[in-house]
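Participant: okay, sequence plus prediction incoming.
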Amino acid sequence: MDTIQSLKRQIQLLQSEVQELKKSQNSNKVISHKQLGYKDSQIRFRTIFECSRLANKVISSDFKILEVNPAFVNLLGYSKAELLGNKILDYSPAEHQADWQLLQEKLWNGSTPAFNLETCLKKKDGSLIWCNINSILFEDNGQTLGYTILEDISIKREMRLYRDDFLNLASHELKTPVTSLKAVVQVMNRMIDKHTDIPQKIVQLAIDADRYIIKLTHLINDLLNSTKVSGDNLTLNKTSFTVGQLIEDCCKHITLKGTHHVDCFGDLSTPLFADKQKIDQVLVNLINNAVKYAPDDLAIDVQVEDLNDSLKISISDRGCGISPEHVPYLFEKYYRVNKSGNQGSGIGLGLYICAEIIKSHKGVIGVESTLNEGTTFWFTLPK
């Protein structure tokens, strides 16, 4: 990832230099040392392009391959002559060509400066490889081209699938004994309630045991949910309901605890058509995070905004905030941030699951945070 970011920065710097030098060439006074600088920029760009250990290519908006580096040739096994002039779709299995169409939509049609995706490519020997694709747009002689860096992640992906299978199996195996343990503790608590001569220490231990079982149950459910939402395996059961119904159900546990209160703003009568249980899961997770990261401020704000074709729901706290370096990775699988804004607590699945649920609804999720001032998580849903 560091290599990719470094290459992106180099490309952006070179693009800036090229644009500035082109401007100077069009002026009445052409300065020779700037011409030399333009030539040096081209040489540096070519050096970076050719020497990169990652596969690099330049494509046009219709996916025609205009240039490739040796690493790209080695990645797919074709010669440079066989690749140039063809379209990248020629090396993409039919079931994965929609990935490239999405990239085209986001970059050229949506004017997004950069886009990232995982997709599958077919090598000359017929074997398939999984690649992480990072693309940016740049201007060249009045034409908008795409610069793409490809990293072979086939082994990483296989390991990730093995890990998910293991977590799925382990979670199912853990669920039965934890359910039995929960029942035992509940019976024990009922017996304690009937006797007034039980030492307070025993009473407190029983309460703690019940609390830890609840945490363990949440952990197991997160592990199970993480394997369900990965790979677009999420099944949606959509129904019609209002935002007010959703928020009321989600905030009951906060109201019952009495530690925090939730203030709602906006039109709560706005209708939604979505999987209520899964959106409830998203909202509960975000509200619980607000409680967790703002223990000293009792107010949590839920804002509902009508964006014409979609609805935006924001959950704000006035807690410690999150360090800027963590914000881009908050929705990644297994990424963790503790109460002080540093990486560390939990197993990093809650926000990942939220993001996958919102994505499955064709919505968007995001976060805005300022250290020592608070954090706002938000998501949109098509109405």
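Facilitator: Everything's here; your move.
Participant: and this structure, what are its domain boundaries?
Facilitator: 2-156, 157-229, 239-382 (automatic domain parsing).
Participant: Thr370 touches Gly319, doesn't it?
Facilitator: No: contact criterion CB atoms under 8 Å: Thr370 and Gly319 do not qualify, at 10.5 Å. (Each C-beta comes from the backbone N, C-alpha and C, glycine too.)
Participant: between these two, tell me which one has more neighbours.
Facilitator: Comparing Thr370 with Gly319 by other CB atoms under 10 Å, the one with more neighbours is Gly319, at 23 against 11.
Participant: start and end of stretch 82-97, how far apart?
Facilitator: One end of stretch 82-97 sits 20 Å from the other (CA to CA, to the nearest Å).
Participant: sorry, wrong one. I was asking about stretch 314-329.
Facilitator: End-to-end distance for stretch 314-329: 19 Å, by CA to CA.
Participant: just the buried positions in that stretch, please.
Facilitator: Buried residues in stretch 314-329, counted by 16 or more other CB atoms under 10 Å: Ser314, Ile315, Ser316, Asp317, Arg318, Gly319, Cys320, Gly321, Ile322, His326, Val327.
Participant: element containing the second one, please.
Facilitator: With secondary structure defined by DSSP states H and E, Ile315 is part of strand 310-317.
Participant: which residues of this structure score low on pLDDT?
Facilitator: The model of the chain has pLDDT under 70 over residues 1-43, 45, 111, 226-233, 252-259, 338-347.
Participant: kindly list the longest strand within it.
Facilitator: strand 128-140 (DSSP state E).
Participant: quick one, the very next helix or strand once past it and strand 128-140 angle?
Facilitator: With elements assigned by DSSP H and E, the helix or strand that comes after strand 128-140 is strand 143-152. With axes from the mean of the first three to the mean of the last three CA atoms, to 10 degrees as the basis, strand 143-152 and strand 128-140 are set at 150 degrees to each other.
Participant: how distant is strand 143-152 from the center of its chain?
Facilitator: How far strand 143-152 lies from its chain's middle: 21 Å, per CA atoms, centre = their mean, to the nearest Å.
Participant: deepest-packed of the domains of the chain, please.
Facilitator: Among the domains of the chain, ranked by average contacts under mean count of other CB atoms under 10 Å, first place goes to domain 239-382 (a mean of 17).
Participant: sorry, back to before: now render the buried residues of stretch 314-329 as JSON lines, adding distance to Arg160.
Facilitator: Below are those laid out as JSON lines (distance: CB to CB, whole Å):
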{"residue": "Ser314", "distance to Arg160": "32"}
{"residue": "Ile315", "distance to Arg160": "30"}
{"residue": "Ser316", "distance to Arg160": "34"}
{"residue": "Asp317", "distance to Arg160": "32"}
{"residue": "Arg318", "distance to Arg160": "37"}
{"residue": "Gly319", "distance to Arg160": "32"}
{"residue": "Cys320", "distance to Arg160": "32"}
{"residue": "Gly321", "distance to Arg160": "31"}
{"residue": "Ile322", "distance to Arg160": "26"}
{"residue": "His326", "distance to Arg160": "22"}
{"residue": "Val327", "distance to Arg160": "23"}
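Participant: and which of those residues is nearest to Tyr293?
Facilitator: Gly319 (4.3 Å; CB to CB).
Participant: was I right about the closest one contacting Ala299?
Facilitator: No: in this structure Gly319 lies outside contact range of Ala299 using CB under 8 Å: 10.7 Å.
Participant: quick one, strands of the stretch 151-300 of the chain?
Facilitator: Assigned by DSSP state E, counting those that start in this stretch, the strands in the stretch 151-300 of the chain fall at 239-242, 261-265, 271-274, 299-306.
Participant: next, format those as TSV and append distance to Tyr147.
Facilitator: Output for those, formatted as TSV (distance: least, CB to CB, whole Å):
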stretch	distance to Tyr147
strand 239-242	45
strand 261-265	43
strand 271-274	37
strand 299-306	36
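Participant: please name whichever of the ones you listed is nearest to Thr179.
Facilitator: strand 239-242 (28.0 Å).
Participant: the helix or strand following the strand holding Ile315 - contacts with which helices or strands?
Facilitator: Sequence order places helix 350-360 as the next helix or strand after strand 310-317, per DSSP H and E. For helix 350-360, the contact count by 3 or more CB pairs under 8 Å, 6 or more residues apart in numbering; DSSP states H and E identifies helix 200-229, helix 276-293, strand 365-370, strand 374-382 as packing neighbours.
Participant: repeat the analysis, applying 7 Å as the threshold.
Facilitator: helix 200-229, helix 276-293, strand 365-370 (3 or more CB pairs under 7 Å, 6 or more residues apart in numbering; DSSP states H and E).
Participant: that helix vs helix 276-293, what angle?
Facilitator: Using the same axes, to 10 degrees: helix 350-360 against helix 276-293 is 150 degrees.
Participant: need the residues that contact helix 350-360.
Facilitator: 222, 225-226, 229, 234, 236, 278, 281-282, 285-286, 330-333, 364-365, 379 (CB atoms under 7 Å, 6 or more residues apart in numbering).
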